[in-house]
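*Asks:* Got a predicted model here, sequence first, then my questions.
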Amino acid sequence: MKWTAVTLCFLLRDGAVGTQVLLGTKKTGFGVGKIVGLGGHVEPGESQAEAACREVYEEAGIVVREHDLRIAGQIQFVFPARPEWNMSTSLFTARRWTGEPAESDEIIPEWFHISSLPLERMWQDAGHWLPLALAEGTVEAVITLNEDNETVASAEYSET
Ligand SMILES: Nc1[nH]c(=O)nc2c1ncn2[C@H]1C[C@H](O)[C@@H](COP(=O)(O)OP(=O)(O)OP(=O)(O)O)O1
């Protein structure tokens, strides 16, 4: 099976009323209209961490240094009806960065409380793995989508 290497990076900040995560509404491309994590394709010659930092900067104008990334796990997104969409996704979180989130051509960034994630506006599978990825451990998951490429056929995951 062919996997496209992609990343997702979740910036976290603590406020008076709990922890928030930076997500964003996708304006173009894959998952347009959905609220998603910042991230995207790993370019040739790039590490996954380098790609995560680059994508966060391109999508929201925020500078994250590689050593401030925490590895939060790995997800295989399987699209049996569109195998060319299969993605192997490296998850990261970060609590240190520089800059304020700014809208880009790709994303409208927005902070959300991790206790009230906008799951109804995200990929349906996010409810299976995102809360785990935002906790302190790591999550390993295989998410298989239905023929509609939207709803979840199966979700196998483990948390460490
Ligand atoms: N089922 C799924 N649930 C989810 O929450 N995120 C998913 C997903 N399947 C893919 N993703 C994420 C992983 C990756 O960060 C993103 C796809 O990469 P991109 O946003 O970079 O793609 P685009 O084609 O829009 O952009 P370019 O890389 O600029 O071509 O979608």
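*Replies:* Okay, I see it.

*Asks:* So for stretch 131-141, mean pLDDT?
*Replies:* Averaging pLDDT along stretch 131-141 gives 93.

*Asks:* Show the end-to-end separation of it, please.
*Replies:* 13 Å (C-alpha to C-alpha, to the nearest Å).

*Asks:* Same question for it: list its buried residues.
*Replies:* Across stretch 131-141, burial judged by 16 or more other C-beta atoms under 10 Å covers Leu132, Ala133, Leu134, Thr138, Val139, Glu140, Ala141. The C-beta positions use only the backbone N, C-alpha and C, and glycine is treated the same way.

*Asks:* Give me the neighbour count for the residue lying closest to the second one once chain neighbours are set aside.
*Replies:* The spatial neighbour of Ala133 that comes closest, neighbours along the chain excluded (C-beta to C-beta, 6 or more residues apart in numbering), is Ala72 at 4.5 Å. When counting by other C-beta atoms under 10 Å, one arrives at 24 neighbours for Ala72.

*Asks:* how near is Ala72 to Leu11?
*Replies:* The gap separating Ala72 from Leu11 is 12 Å, by C-beta to C-beta, to the nearest Å.

*Asks:* Quickly list what's touching both of those two.
*Replies:* Common contacts of Ala72 and Leu11 (C-beta atoms under 8 Å, 6 or more residues apart in numbering): Thr93.

*Asks:* What is the most widely separated pair among the buried residues of stretch 131-141?
*Replies:* Greatest spatial distance in the buried residues of stretch 131-141: Leu134 and Glu140, 15.2 Å, computed using C-beta to C-beta.

*Asks:* could you dump the buried residues of stretch 131-141 to CSV with distance to Pro118 and secondary structure?
*Replies:* Below are those laid out as CSV (distance: C-beta to C-beta, whole Å; DSSP: H, G, I helix; E, B strand; the rest coil):
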residue, distance to Pro118, secondary structure
Leu132, 17, helix
Ala133, 15, helix
Leu134, 13, helix
Thr138, 23, coil
Val139, 19, strand
Glu140, 24, strand
Ala141, 20, strand
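
*Asks:* And the helix or strand of the chain with the lowest mean pLDDT, how far out from the chain middle?
*Replies:* Ranked by mean pLDDT, DSSP states H and E, the weakest helix or strand in the chain is strand 152-159, scoring a mean of 92. Put simply, strand 152-159 sits 16 Å off its chain's centre (C-alpha atoms, centre = their mean, to the nearest Å).
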